[in-house]
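> Got a predicted structure plus its sequence, pasted below:
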Number of protein chains: 2
Amino acid sequence: MTSSPLSPTARSTIRRNPVRARTDRAELHAVLDAGLVGHLGVRLGSGPDDAPVVLPTGYGRDGETLYLHGSTGAATLRAAAAGAPVCFTVTLLDGIVYARSAFHHSMNYRCAVVHGTLRLVTDPVEREHGLRVLTEHLAPGSWDATRPPDRRELAATAVLALGLAEASVKARSGPPGDDDRDLPAPVWGGVLPVRTVLGEPVPDPLLPAGTPVPARVRDRRLPGLSPSA
Amino acid sequence: MTSSPLSPTARSTIRRNPVRARTDRAELHAVLDAGLVGHLGVRLGSGPDDAPVVLPTGYGRDGETLYLHGSTGAATLRAAAAGAPVCFTVTLLDGIVYARSAFHHSMNYRCAVVHGTLRLVTDPVEREHGLRVLTEHLAPGSWDATRPPDRRELAATAVLALGLAEASVKARSGPPGDDDRDLPAPVWGGVLPVRTVLGEPVPDPLLPAGTPVPARVRDRRLPGLSPSA
């Protein structure tokens, strides 16, 4: 699986601007690992007029499996867990592309799109594993440093798995793609990089004064979230 | 319209964690105005097994109307323009919430979700207006500073409008919501702010040496994208 190429199916084959398609599975993993929030699209019904709902959610990756979680009471997760097809998309914005024409203005970005069906994880060992993967993606080091979920918390949490077999990656980088006719115009063209950075940790007011910020928070970086434009 | 409250319909009423729901239309506008990329969910067919597709796209807002655009050849936009119901979601990540328990780890965020049906804009005056709104949202000042779209470019571009009548806003801010029983533990709790910032402009290599960076690029800020945690 890890060596299979991307875009093996019709709906995961990129048709618009195929020059922007990436076909290396490592690039899929890199985009997913760099992001923190994905957007899950799911239909809440199966009728012809049922609209999709798109909601943001955290996630974590282990090999060729993404783990998602949510409240067992959430309608979207109930629908997805019941076998509704989903689409899960992670987009990283890297820059704003200024061109000499309005038409060629664009964005530099990396985007991973995963198609599939969510599997409700019921095995207790895999459930705990999925929650660990999720927590460590959001907050590396936190799983071992904090209280693990108790029985009540586990009962309130749905853990879902999404395989990466059917996925695509699309990206744009570099300068604007202006028409030759526009290049002589005295208009600036280039890229304004967009970066995602971490600020100074803000302690919970309930924390005893002087509690040190642990290295897992203080030294955290966001590798891959902000490449050069 | 501008004074109507949010969440007027069943599907735009927030049921999970309603304490996080915002009901002020100005907050919807603020989230949409602060974001640069939204995620559009649309079904490519109307059968019971047709999955949604979730793709990132730029947008711009004028009053109670969002404008989107895309290639006239894109399958998702063709489906949406044909009247398929859509969901358009803009999420701003503000911080990573570190708790004393794995369960209470979370994110601080603001998220706007818009439900509706896209309207294909055909009136030439509104098409140009929509493209101006989109371009000015992505790159303020660029519409007047660059070459406007010509007939061929206009023909290749679909402009779509989405009304904001049916929308919801959800947000989380502030410190972790730890259980009282966990507060005595010697574990750090707090928020690691996540900020979106602009880097130094990168000139197109095709630009004549010494071409100055215009103020619309050099002085650009991203207001509202990075509030305090």
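Noted; the coordinates are in hand.

> Roughly how far does the residue lying closest to residue A:166 once chain neighbours are set aside sit from residue B:118?
Here the nearest residue to residue A:166 in space, its sequence neighbours aside, is residue A:115; by CB to CB, 6 or more residues apart in numbering or on different chains that works out to 4.5 Å. For the C-beta atoms, the positions are set from N, CA and C on the backbone; glycine is no exception. Separation of residue A:115 from residue B:118 (CB to CB, to the nearest Å) stands at 22 Å.

> Now do the strands in chain A.
For chain A, applying DSSP state E gives strands covering A:21-22, A:38-43, A:52-57, A:60-62, A:65-71, A:85-98, A:106-117, A:119-120, A:157-163, A:166-172, A:190-198, A:202-203.

> Where among these is average confidence lowest?
Among these, strand A:21-22 carries the lowest mean pLDDT, at a mean of 68.

> still on that earlier bit, got the contact list for the residue nearest to residue A:166?
Shown in contact with residue A:115 (CB atoms under 8 Å, 6 or more residues apart in numbering or on different chains): A:9, A:11, A:12, A:85, A:86, A:87, A:166, A:167, B:51.

> and the gap between the fourth one and chain B?
With the distance defined as CB to the nearest CB, to the nearest Å, residue A:85 ends up 3 Å from chain B.

> What of the second one?
Here the criterion is CB to the nearest CB. By it, residue A:11 lies 7 Å from chain B.

> What pLDDT is listed against that residue?
72.

> In this structure it contacts residue B:51, no?
Yes: using CB atoms under 8 Å, residue A:11 and residue B:51 qualify as a contacting pair, with a distance of 7.4 Å.

> Residue A:193 - nearest residue in space that isn't next to it in sequence?
Per CB to CB, 6+ apart, closest to residue A:193 is residue B:199, 3.3 Å.

> The one you found: neighbour count?
For residue B:199, the neighbour count with other CB atoms under 10 Å in any protein chain shown is 15.

> Next: the one 5 residues further on.
Residues contacting residue B:204 under the criterion other CB under 10 Å number 20.

> do you know how far it is from residue B:141?
Counting by CB to CB - residue B:204 and residue B:141 are separated by 17 Å.

> in the sheet, who's paired with the residue nearest to residue A:35 when sequence neighbours are not counted?
Once flanking residues are discounted, residue A:35 sits nearest to residue A:90: 4.0 Å by CB to CB, 6+ apart. Beta-bridge partners of residue A:90, counted by DSSP bridges, are residue A:112.

> Contact partners for residue A:90?
A:31, A:32, A:35, A:37, A:38, A:39, A:59, A:111, A:112.

> mind checking how far it is from residue A:115?
Residue A:90 sits 13 Å away from residue A:115, going by CB to CB.
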